[in-house]
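Enquirer: sequence below, structure please.
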Amino acid sequence: DIADVHCLERIIRSLGCNVEKLDNNTLKINAEEIKTVEACGNDVRKMRASYYFIGALLARFKEAKVELPGGCPIGVRPIDQHIKGFEALGATVNVAQGKISATTNGLVGTSIYMDTVSVGATINVMLAAVLANGITTIDNAAKEPHIVDVANFLNSLGADIRGAGTDIIKVNGVKSLKCGSSYSVVPDQIEA
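Expert: Got it, this is the predicted structure:
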């Protein structure tokens, strides 16, 4: 129950998701009725994690338009490794007028070497690769506990991700993910 979660709630509602707060620490999210692939607005510009919508929307709808993320100004935080991963999977990515636009006719599994270890890029490429045709190998992947947690969550939906928590992650693309799962995320390390 933190500000970033409330911000993400507003963003996913703006996409068309139905969000029901069951208690202070539990959300029920229905993403069946997404109405737009465009995540824009003040909330998107507020937080770094808004770039995860690119990988998720690109995988599901073959298109994403997301405003450049904001968030904490801790040093240089480029998104070049995200873009490199999306392009390697077969997307066309343009950054212009404060937006990242990505489109594809279909993502295809491939080998991707991350030039620098990046938690955000590792997660974003996993999100995009789960529905790609074939196997994606992410080499020099980030190993943090939340990488493993995202992989476990996606696997609970029917994804086939192996090696999360190591520096080589393999994603065997699946045709679709199942609709519905109950999942408890790991505690926030910063909060701890």
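Enquirer: list the helices and strands the worst-scoring helix or strand of the chain on mean pLDDT packs on?
Expert: Every helix and strand of the chain was ranked by mean pLDDT, DSSP states H and E. The lowest is helix 42-46, at a mean of 82. With contacts taken as 3 or more C-beta pairs under 8 Å, 6 or more residues apart in numbering; DSSP states H and E, helix 42-46 sits against helix 3-15, strand 63-67. (Glycine included, C-beta is placed from N, CA and C.)
Enquirer: can I get these in CSV with distance to K46 and mean neighbour count?
Expert: Formatted as CSV, these follow (distance: least, C-beta to C-beta, whole Å; neighbours: other C-beta atoms under 10 Å):
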stretch, distance to K46, mean neighbour count
helix 3-15, 6, 16
strand 63-67, 10, 21
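Enquirer: can you add distance to C40 and give those back as a markdown table?
Expert: Compiled in a markdown table, the helices and strands packed on helix 42-46 are given as follows (distance: least, C-beta to C-beta, whole Å):
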| stretch | distance to C40 |
| --- | --- |
| helix 3-15 | 8 |
| strand 63-67 | 5 |
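Enquirer: so which of these is nearest F86?
Expert: Closest to F86 of these, according to C-beta to C-beta: strand 63-67, at 9.0 Å.
Enquirer: any idea of the mean pLDDT in the closest one?
Expert: Per-residue pLDDT values over strand 63-67 give a mean of 93.
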